[in-house]
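Peer 1: dropping a prediction and its sequence here:
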Amino acid sequence: MRNGSGHTPIVKSLLWSDEIATQLFASALASQPALRHAFIELHGDLGAGKTTLVRHILRALGIQGRVKSPTYAVVEPYELPDLNIWHFDFYRFNDPREWEDAGFRDIFASPGLKLAEWPEKATGFIPRADLVIHLEALEDESRQVTLTGKTATGLALLRAVSTRLAPLDREDAA
């Protein structure tokens, strides 16, 4: 698995004023070829917008039909002709070893996009994320978003998305 050693994490802070800003970010991210082999962690309280962001990413990649939250199933797989995608939600895990017991090691070792909500519930078992996204819902329905690139892939995604969205979002490099 990727160890990401030698890469200093880069952090960027964004303010998404509404769901359209979320959709624009998702479209920019989906347009990056590096996303096809990335692992993205999504952090935030209940209602922060993690599943909404995933839905917009999947739609931007071309997924049709219903996009379900994997809260009860733990994982929802999606297939495109040239891309496998797995959307995980570890919220219901009581022990991080459930990740290992579920056989997810094989999925994470295979090519494709992995998106994980509540990854902290599988700490110590899941591999290092390429990109970590923290979402915080603000009182005015906007979202404070912190992006952290942890690997070369994550840094490339962060740079590419930042360049594409610079005029659309308020950004603060941390």
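Peer 2: Looks like it arrived, so ask away. The shown structure was predicted, so the numbers you read here are calculated from the model rather than taken from an experiment.
Peer 1: which SSE is Glu79 in?
Peer 2: Glu79 belongs to strand 75-80 when elements are defined using DSSP states H and E.
Peer 1: looking at this protein, which helix is longest?
Peer 2: Counting residues, the longest helix found in the chain (DSSP state H) is helix 152-165.
Peer 1: flag every buried residue along that helix.
Peer 2: Thr153, Gly154, Leu155, Ala156, Leu157, Leu158, Ala160, Val161, Ser162, Arg164, Leu165 (16 or more other CB atoms under 10 Å). Yep, even glycine has a C-beta here, placed from its N, CA and C like the rest.
Peer 1: gap between that helix and the chain center?
Peer 2: Centroid separation between helix 152-165 and its chain, computed with CA atoms, centre = their mean, to the nearest Å, is 13 Å.
Peer 1: repeat for stretch 39-59
Peer 2: Distance of stretch 39-59 from the chain centroid (CA atoms, centre = their mean) equals 6 Å.
Peer 1: related to what we said a few turns ago, C-terminal to the strand holding Glu79, what's the next element?
Peer 2: Next helix or strand after strand 75-80 toward the C-terminus (DSSP H and E): strand 83-89.
Peer 1: any idea how many residues pack against Leu46?
Peer 2: Neighbour count for Leu46, taken as other CB atoms under 10 Å: 8.
Peer 1: actually, Thr51.
Peer 2: Thr51, neighbours per other CB under 10 Å, totals 19.
Peer 1: and the pLDDT at it?
Peer 2: Looking at Thr51, its pLDDT reads 92.
Peer 1: give the contact list for the residue nearest to Leu113 when sequence neighbours are not counted.
Peer 2: Leaving aside its sequence neighbours, Leu113 sits nearest to Ile85 (CB to CB, 6 or more residues apart in numbering; 4.6 Å). Residues near Ile85 by CB atoms under 8 Å, 6 or more residues apart in numbering: Leu58, Leu61, Ile63, Pro77, Tyr78, Glu79, Gly112, Leu113, Lys114, Leu115.
Peer 1: from the residues you listed, keep the buried residues only.
Peer 2: Among those, those classed as buried by neighbour count (16+ other CB under 10 Å) are Leu58, Leu61, Ile63, Tyr78, Gly112, Leu113, Lys114, Leu115.
Peer 1: which secondary structure element is home to the residue minimising distance to the centre of the chain?
Peer 2: Residue closest to the mean C-alpha point of the chain, counted by CA atoms, centre = their mean, is Ile40 at 3.5 Å. Element membership of Ile40, judged by DSSP H and E, is strand 39-43.
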